[in-house]
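K.L.:
just the structure for this:
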Amino acid sequence: MLRAISAFPLLTFVLAAFNVVFWMPGVSLESILLKFVMPSGALLEITMGDILLIAALLILFFETLKSTGTSNLSILDHILSTGVFVLALVEFLLVPQAGNAWFLMLVIICFMDVAAGYAVSIRAARRDVSVK
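P.N.:
Coordinates of the predicted model:
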C-alpha cells in the first residue's frame with residue numbers, strides 16, 4: 001500500500017495550491033510574502049506565486065529521483081504524471097485565472113517531470129537489456 005502511494009505525482013499538491021489561491025477571496029499570486037534587502041542594497045520581494053514555483057521545482061527534483069526506480073509502480077507513476085500534465089495544460093488553456101506566467105511555468109515543470117521520467121526509464125531499460 002505504501003509503495004502504491006509513492007507512485008502518486010507530488011506535483012498534484014502544487015496544482016491544488018495554485019487552485020486554492022485562484023478561488024480564495026483576498027488571496028493573490030501577487031501577494032508579497034517575504035521581503036529581503038540584499039547585500040547589494042536591492043530589495044527582493046517574494047510573492048505567493050514565486051513560493052509555489054519554488055515548491056514545484058523542489059518537488060520536480062524528488063519526482064526525478066522517483067523516476068529512477070525500475071519497478072512496475074514506476075509505470076503507474078509515469079501514467080499519473082502524464083495525466084497531471086494534461087490536466088494542467090487544459091486548465092492553463094481554458095481557465096482564465098490560470099492564464100498567467102506562473103501557471104505557464106508550472107505547466108512546463110509538469111512537462112519536464114513527464115519527459116524526465118520517460119527518459120530516465122528508457123535509459124535504465126537500455127542498461128537492463130544486453131545485446132550480444
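
K.L.:
drop to CA atoms for contacts and neighbour counts, all remaining ones
P.N.:
Will do.

K.L.:
next structured bit after the strand or helix carrying Ala17?
P.N.:
Taking DSSP states H and E as the criterion, Ala17 maps to helix 11-23. Next helix or strand after helix 11-23 toward the C-terminus (DSSP H and E): strand 32-37.

K.L.:
what's the helix holding Ala17 in contact with?
P.N.:
27-29, 52, 55-56, 59-60, 84, 88, 97-98, 103, 106, 110 (CA atoms under 8 Å, 6 or more residues apart in numbering).

K.L.:
filter those to the buried ones?
P.N.:
Among these, those buried by neighbour count (16 or more other CA atoms under 10 Å) are 28-29, 52, 56, 59-60, 84, 88, 98, 103, 106, 110.

K.L.:
of all those, which comes closest to Met38?
P.N.:
Minimum distance to Met38 across those is 21.6 Å, recorded for Leu52 (CA to CA).

K.L.:
element containing that closest one?
P.N.:
Per DSSP H and E: helix 48-66 holds Leu52.

K.L.:
what are the buried residues along the helix or strand where Ala116 lies?
P.N.:
According to DSSP H and E, Ala116 maps onto helix 101-128. Residues of helix 101-128 classed as buried: 102-104, 106-107, 109-111, 113-118, 120-121 (neighbour count, 16+ other CA under 10 Å).

K.L.:
got the contact list for the closest residue to Leu57 other than its chain neighbours?
P.N.:
Using CA to CA, 6 or more residues apart in numbering and skipping the chain neighbours, the partner closest in space to Leu57 is Ile109 (7.2 Å). For Ile109, the contact set (CA under 8 Å, 6+ apart) comprises 56-57, 60.

K.L.:
do you know how far Ile109 is from Gly41?
P.N.:
The gap separating Ile109 from Gly41 is 32 Å, by CA to CA, to the nearest Å.

K.L.:
understood, closing this out.
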